[in-house]
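K.L.:
Provided below are the primary sequence and the corresponding predicted coordinates.
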Amino acid sequence: MQKRVEELTIIDKQVIRNDYICWEIQSDKVFDKIVPGQFINIHVKDSPGTFARRPFSIHTIDYHHNSIQFMMKVVGDGTKALSKLEIGDKMDVVYPLGNGFSISDEEESLLVGGGYGVAPLYHVAQELIAKGKKPCFLFGARTQNNFILLDRFKNIAELFITTEDGSAGHKGLVTDHPIWKERIASIKKIYSCGPESMMEAVAHIAEKNNILCEASLDQVMCCGVGVCLSCIKNTIRGNEATCLHGPVFNTNDIVW
Amino acid sequence: MQKRVEELTIIDKQVIRNDYICWEIQSDKVFDKIVPGQFINIHVKDSPGTFARRPFSIHTIDYHHNSIQFMMKVVGDGTKALSKLEIGDKMDVVYPLGNGFSISDEEESLLVGGGYGVAPLYHVAQELIAKGKKPCFLFGARTQNNFILLDRFKNIAELFITTEDGSAGHKGLVTDHPIWKERIASIKKIYSCGPESMMEAVAHIAEKNNILCEASLDQVMCCGVGVCLSCIKNTIRGNEATCLHGPVFNTNDIVW
Amino acid sequence: MVDLSVDIGGLIIKTPVMTASGTCGYGEELVDFMNIPDLGALVVKGTTLEPRQGNDYPRMTETASGLLNSIGLQNKGVHYFHDELYPRIEHLNDHIIVNVSGSRIEDYVSVCEILSDLTKCTAVEVNISCPNIKEGGIAFGTSCSEAAKVTKEVRKVWKKHMMVKLSPNVTHIAEIAKAVEDEGADSVSLVNTFLAMAIDAQSRKPILSTITGGLSGPAIKPIALNMVWQVYQAVKIPVIGMGGIMNAKDAIEFILAGATAIQVGTATFIDPASCIKVIRGIEEYCNEQGVKNVRELIGGLII
Amino acid sequence: MVDLSVDIGGLIIKTPVMTASGTCGYGEELVDFMNIPDLGALVVKGTTLEPRQGNDYPRMTETASGLLNSIGLQNKGVHYFHDELYPRIEHLNDHIIVNVSGSRIEDYVSVCEILSDLTKCTAVEVNISCPNIKEGGIAFGTSCSEAAKVTKEVRKVWKKHMMVKLSPNVTHIAEIAKAVEDEGADSVSLVNTFLAMAIDAQSRKPILSTITGGLSGPAIKPIALNMVWQVYQAVKIPVIGMGGIMNAKDAIEFILAGATAIQVGTATFIDPASCIKVIRGIEEYCNEQGVKNVRELIGGLII
Ligand SMILES: Cc1cc2nc3c(=O)[nH]c(=O)nc-3n(C[C@H](O)[C@H](O)[C@H](O)COP(=O)(O)OP(=O)(O)OC[C@H]3O[C@@H](n4cnc5c(N)ncnc54)[C@H](O)[C@@H]3O)c2cc1C
Ligand SMILES: Cc1cc2nc3c(=O)[nH]c(=O)nc-3n(C[C@H](O)[C@H](O)[C@H](O)COP(=O)(O)OP(=O)(O)OC[C@H]3O[C@@H](n4cnc5c(N)ncnc54)[C@H](O)[C@@H]3O)c2cc1C
Ligand SMILES: Cc1cc2nc3c(=O)[nH]c(=O)nc-3n(C[C@H](O)[C@H](O)[C@H](O)COP(=O)(O)O)c2cc1C
Ligand SMILES: Cc1cc2nc3c(=O)[nH]c(=O)nc-3n(C[C@H](O)[C@H](O)[C@H](O)COP(=O)(O)O)c2cc1C
Ligand code: FES
Ligand code: FES
């Protein structure tokens, strides 16, 4: 879909666990196809400390209502100011941005996520399921309470979890989960989104096992449309703007 | 009363005529004596375009509840941002500032006001009445709709009005009102607050008739405590900070 | 109908609004957001003789009402621009102005020579003010004699419009402007970014990989506005003003201070359609104020 | 207990936080808001030989994250300060630093001579950087030789601590700093305000009566921070940093960049208790970070 700047209307706001908000924002105009892994870039008004826009992954799309859901963790001034908005208020959004994941034809795929990185994987799984594929989620967190909305994910696909403190699921990092040993032969594609260290570790496993792997990078962004060149990542093609040529990269192309 | 910086709690908010708000804000701490004509200086959060504080005259004080009422006209970014606050929210206020009017012992006095300048005259009248004096209001506006809360003033003292378009009261400027001819002999003190041109015209009448006259100047302010020297007015003593040596001046001292 | 066209020194552009170099990529990135041909000119990313990877990440951070960057002129070099990029973007505007940078005078000259045969490249903007490369750049822009030298050498090979972009990191910017005017610059553009720095108190480290960078955005507007006004009074060639222009009101202020045209930089990061919104806003302002011709406003400050 | 005392060059002050000249009056105006003796020093309003009315109203306006002023050194002259003001404020701090301004070198010298006998006036801040007076002021601060000359002449008559306040409106601020160090300055303070301008697009007039003024506040912080860092690397005498410090975090950044002490200016207009809040915040930061002595942080930027 063509990129645009638009004032979208907040039609739903769910506060989860105090520090996460799940928003739904609606456009007056019709949506074309939006690719899972694409993101939106929001202008924060009423926050003197916030000058640049703030990027958030698209969690899911409702094409009937031309609305976008995204999950926002409240971390600093920008997200704090946004968190004060209510249903009916407007958000000034540039969207849809970035390349998104390439939803390919492999039968089985693993969707590895951590932190707010799980958000776009929901959209990925939806597309895979629509194509008749079998996605499987593997999420990691430091401790049980750090997960959000696990039920929502469980409802659409198989879900495995790890926690560093062992409070839920397998104890350890996502890369320590037994699933890697058990299913490594059948997994043909990995989609990952989360902390960079996690994505890098996953990429190494993928590389060793010759699995196609895509990761959605989390560079600090500003313009979101490829013109400021602040969000670069070194790739085999040189420094690339992650907002334009990414945020999703084939992990083999990334110089970590 | 000693000056202080404090977060006051909004305990009342009345929107009047769309563009005026009558606020009541309350302190946890006890008030000492606040002089009519003193003002408060508010820090506007959540407004990227507003850097300096914004000054507002005290409309009246409730010493039992340690609360201050003030009337705010919504004109620009700062007042727009403030207008979004609700009962229960806090305002970051420096107060009480300036010298205030000298409530003197003259039997009859005229309180001449225009625009938001009427606000502090209410407090002045209250003090005069408490002292057993007879204040009388004379307010001017361009047109009838520009007056606010006239009833409130009418309730405590005699009230005359003028409008430039003749839509209410006497047609013309406040200085055109017949009261000047009728009562000039008995008026011993004038308190004025409003547009500078009005206050200057009133001051000339006062001077000609040898009436003691005080005016509350409306210079653009910043610090409100006499340290930035931005709010100066030329007086017979040289440039003086109106926030510290004013906002109220004996009009004979002002070099208009 | 307001006439928005201006003459920036032998070059007539249809509106007084251009992109600022390094803030609009090559124009292609913005086609979804606005009709690029409506802009007065498209000023593309700083271009050097050799490709440059730019500085390491992180190379941008927010400051109060501003941005601090040390991109460091990442670009694929003039040959790539000439052969690959230009053909892709030549339809985007009648005036594609290439911002030319280098660390040696010979580099500026070579880049300009290579660009000479590109029809739509009707002007170059000689960047003697980039704070983010180690040698050259800003060094040329902070001394009258060096600034004059670069201008003189480029003038020898570049026959079309030559705009020289000045650094604000100087004591007397008007003197630098006069020096480049004397050597044949057709216009001056100002300002480039201010040398600045950001530190993370918690980690006690600089935020940018390069320690220092260049400050842009509304924070610098009042300083830039004064510089435009100073230069306007000192030179006869047109002045292209920029520095924190976020909307039409800001643009009008620069024009009143003496700018014949203006560039929109950082604003594009906040709203990718900023340039076109500024143009529409200038038009509205002219309509409201009864201005038939935007040229009436140039240097029209009432004092 | 954190030790907050610092030595700014033969003068030990109990905390590294001072008021900035022209932003705290004479301290008296702020007694309701904080305990002035807790500050490292009280730097009072710019003082000239003769009384000055300052510039016409309006002489201040808001800009994005900043303030633009052209107060123009309104003060009642050094004799009034000596005879009337000093006795009233001498109890407010052990170090009352008078900011000395003038349009001729002889004026600086005379003012300092008159101040010599005031016990609590342990230092002067020689202001060679005021952008808001017609002659002198900034002219002294934008040339190494002029800056050196003022410093040299004042040094002859002023035996106590001499701080020289530098202008940021220069190409190489470190060179000016070195010039005044060579002539015997005990410390340098920087930065003063940036020459800047504001225009009202609607009326097409300048907003200030003086057309241009000086910019202060958070907008300039990243530029000021870089200048402090540059000067810190160039001179051996202590650097007093300022420019947009609004809170303890900002103050720590300046100290990490090389400031031995800092001054709080514009912040006082937004919160009259800013200085004391900055001191408390520095103390907290030191406690959190396990810093026993604020001196450990000076120039402690990790690169
Ligand atoms: C492509 C992309 C997609 C994203 N998707 C989501 C999402 O779906 N949900 C979500 O909650 N967040 C997402 N983020 C992160 C989100 O943009 C930041 O959390 C947000 O910008 C913080 O703004 P703030 O003003 O509240 O915090 P700030 O005050 O700017 O920063 C607060 C803290 O967060 C850190 N921070 C700021 N930006 C980033 C960043 N981009 N990455 C990592 N740390 C950062 C800062 O260093 C600081 O420690 C995404 C980021 C990118 C680049
Ligand atoms: C001592 C004093 C007492 C005041 N009391 C009241 C009061 O009781 N109620 C009330 O509504 N207002 C009062 N004001 C005026 C009030 O401070 C301004 O209206 C307010 O600061 C505007 O802020 P803003 O950000 O909304 O507007 P801005 O965006 O700052 O300005 C909007 C418009 O208002 C004009 N303006 C801004 N400040 C002033 C000013 N001080 N005087 C005149 N015009 C100004 C600007 O030039 C501009 O045209 C008082 C001012 C002073 C100095
Ligand atoms: C991210 C970024 C990259 C820039 N790159 C260049 C450049 O390549 N060449 C150049 O002359 N100026 C460059 N500039 C400076 C801008 O063109 C402009 O002069 C400056 O940002 C001030 O304008 P603004 O405040 O509107 O952004 C860059 C600025 C930014 C913010
Ligand atoms: C209203 C005002 C008046 C000032 N007067 C003086 C002065 O008299 N002498 C001086 O050296 N600096 C003066 N300054 C400059 C400040 O001391 C300080 O150097 C500058 O404002 C930067 O610091 P800040 O951003 O913290 O305000 C003045 C600044 C302002 C805003
Ligand atoms: S955020 Fe600007 S190029 Fe990616
Ligand atoms: S507002 Fe600062 S001195 Fe009056």
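P.N.:
Everything's here; your move. Numbers count the residues shown, from 1 in each chain, chains lettered A, B, ... in the order given. Ligands and ions are numbered 1, 2, ... in the order given.
K.L.:
so who does A:Thr9 touch?
P.N.:
Contacts for A:Thr9 (CB atoms under 8 Å, 6 or more residues apart in numbering or on different chains) come out as A:Ile25, A:Gln26, A:Gly88, A:Asp89, A:Lys90. Where you see a C-beta, it was placed from the backbone N, CA and C, and this is true even at glycine.
K.L.:
are any of the residues you listed buried, and which?
P.N.:
The neighbour count (16 or more other CB atoms under 10 Å in any protein chain shown) marks A:Ile25 as buried among the contacts of A:Thr9.
K.L.:
tell me the one of the contacts of A:Thr9 nearest B:Lys45?
P.N.:
Ranked by distance to B:Lys45 (CB to CB), these are led by A:Asp89 at 17.7 Å.
K.L.:
identify the residue nearest the closest one in space, chain neighbours excluded?
P.N.:
Leaving out its chain neighbours, the residue that sits closest to A:Asp89 by CB to CB, 6 or more residues apart in numbering or on different chains is A:Ile10, at 5.2 Å.
K.L.:
tell me if the one you found really is in a strand.
P.N.:
Yes - remark: A:Ile10 belongs to a strand, assigned using DSSP: H, G, I helix; E, B strand; the rest coil.
K.L.:
for burial, what's the neighbour tally of it?
P.N.:
18 (other CB atoms under 10 Å in any protein chain shown).
K.L.:
measure the residue nearest to C:Met227 when sequence neighbours are not counted to D:Ile97 for me?
P.N.:
Leaving aside its sequence neighbours, C:Met227 sits nearest to C:Ile173 (CB to CB, 6+ apart; 5.0 Å). Distance, C:Ile173 to D:Ile97, by CB to CB, to the nearest Å: 33 Å.
K.L.:
of the two, who's got more company?
P.N.:
Higher neighbour count among C:Ile173 and D:Ile97: D:Ile97, with 29 against 26, using other CB under 10 Å.
K.L.:
helix, strand, or coil at that one?
P.N.:
Using three-state DSSP, the structure places D:Ile97 in strand.
K.L.:
from memory it sits against D:Gly40, does it?
P.N.:
No - between D:Ile97 and D:Gly40 there is no contact under CB atoms under 8 Å: 9.7 Å.
K.L.:
who does the one helix or strand in chain C whose mean pLDDT sits lowest touch, helix- and strand-wise?
P.N.:
Lowest by mean pLDDT, DSSP states H and E among the helices and strands of chain C is helix C:138-141, with a mean of 80. Other elements packing on helix C:138-141 under the criterion 3 or more CB pairs under 8 Å, 6 or more residues apart in numbering or on different chains; DSSP states H and E are helix C:144-157.
K.L.:
show the average pLDDT along the next helix or strand along the chain from the helix it packs on.
P.N.:
The first helix or strand that comes after helix C:144-157 along the chain, using DSSP states H and E, is strand C:161-165. Averaged over strand C:161-165, pLDDT sits at 98.
K.L.:
looking at C:Gly136 now. What's its pLDDT?
P.N.:
We have a pLDDT of 55 for C:Gly136.
K.L.:
ok, the residue of the stretch 51-200 of chain C found nearest ligand 6 - contacts?
P.N.:
Relative to ligand 6, the nearest point of the stretch 51-200 of chain C is C:Ala64 (21.1 Å; CB to the nearest ligand atom). Neighbouring residues of C:Ala64 by CB under 8 Å, 6+ apart: A:Pro48, A:Gly49, A:Phe51, C:Ala219, D:Ser65, D:Gly217, D:Pro218, D:Ala219, D:Lys221, D:Gly244.
K.L.:
all helices of the chain, in order?
P.N.:
Here I'm looking at chain A. Ranges of helices within chain A are A:77-83, A:118-130, A:150-154, A:179-183, A:196-208, based on DSSP state H.
K.L.:
look at chain C instead
P.N.:
Remark: helices assigned in chain C by DSSP H are C:78-80, C:86-89, C:105-115, C:138-141, C:144-157, C:173-182, C:221-234, C:248-256, C:267-270, C:274-289.
K.L.:
for residue 36, give me its contacts.
P.N.:
Defaulting to chain A. A:Ile58, A:Gly100, A:Phe101, A:Ile103, A:Pro120, A:His123, A:Val124, A:Gln126, A:Glu127.
K.L.:
looking at chain C here, not the other one
P.N.:
So C:Ile36 contacts C:Gly27, C:Leu30, C:Leu42, C:Leu92, C:Asn93 (CB under 8 Å, 6+ apart).
K.L.:
now for those, which pair is the farthest apart?
P.N.:
Spatially, the most separated pair among the contacts of C:Ile36 is C:Leu30 and C:Asn93, at 11.3 Å (CB to CB).
K.L.:
which non-adjacent residue is nearest A:Glu24?
P.N.:
Setting aside the residues directly before and after it, A:Glu24 is nearest to A:Asp12 in space (CB to CB, 6+ apart), at 3.7 Å.
K.L.:
and that neighbour, how many residues sit next to it?
P.N.:
Count around A:Asp12 with other CB under 10 Å applied: 12.
K.L.:
check C:Val6 too.
P.N.:
If you count neighbours by other CB under 10 Å, C:Val6 ends up with 26.
K.L.:
does it touch C:Gly241 like I think?
P.N.:
No - using CB under 8 Å, C:Val6 is not in contact with C:Gly241; the gap is 11.9 Å.
K.L.:
so what sits against both of the two?
P.N.:
Counting by CB under 8 Å, 6+ apart, the contacts common to C:Val6 and C:Gly241 are C:Ala261.
K.L.:
and A:Lys189, how close does it get to A:His177?
P.N.:
Note on A:Lys189: its distance to A:His177, by CB to CB, is 17 Å.
K.L.:
skipping adjacent residues, who's closest to C:Asp200 in space?
P.N.:
Nearest non-adjacent residue to C:Asp200, counting by CB to CB, 6+ apart: C:Ile207, 5.4 Å away.
K.L.:
contact partners for the closest residue to C:Lys152 other than its chain neighbours?
P.N.:
With sequence-adjacent residues excluded and distances taken as CB to CB, 6+ apart, C:Lys152 is closest to C:Glu183, at 4.4 Å. Shown in contact with C:Glu183 (CB under 8 Å, 6+ apart): C:Ala148, C:Thr151, C:Lys152, C:Arg155.
K.L.:
quick check: closest non-adjacent residue to residue 212.
P.N.:
All of this refers to chain A. Here the residue nearest A:Leu212, using CB to CB, 6+ apart, is A:Lys189, at 4.8 Å.
K.L.:
you answered for a different chain; I wanted chain C.
P.N.:
Nearest residue to C:Thr212, sequence neighbours excluded (CB to CB, 6+ apart): C:Met197, at 4.8 Å.
K.L.:
which pLDDT value goes with the closest residue to C:Gly217 other than its chain neighbours?
P.N.:
Leaving aside its sequence neighbours, C:Gly217 sits nearest to C:Gly66 (CB to CB, 6+ apart; 3.7 Å). Looking at C:Gly66, its pLDDT stands at 97.
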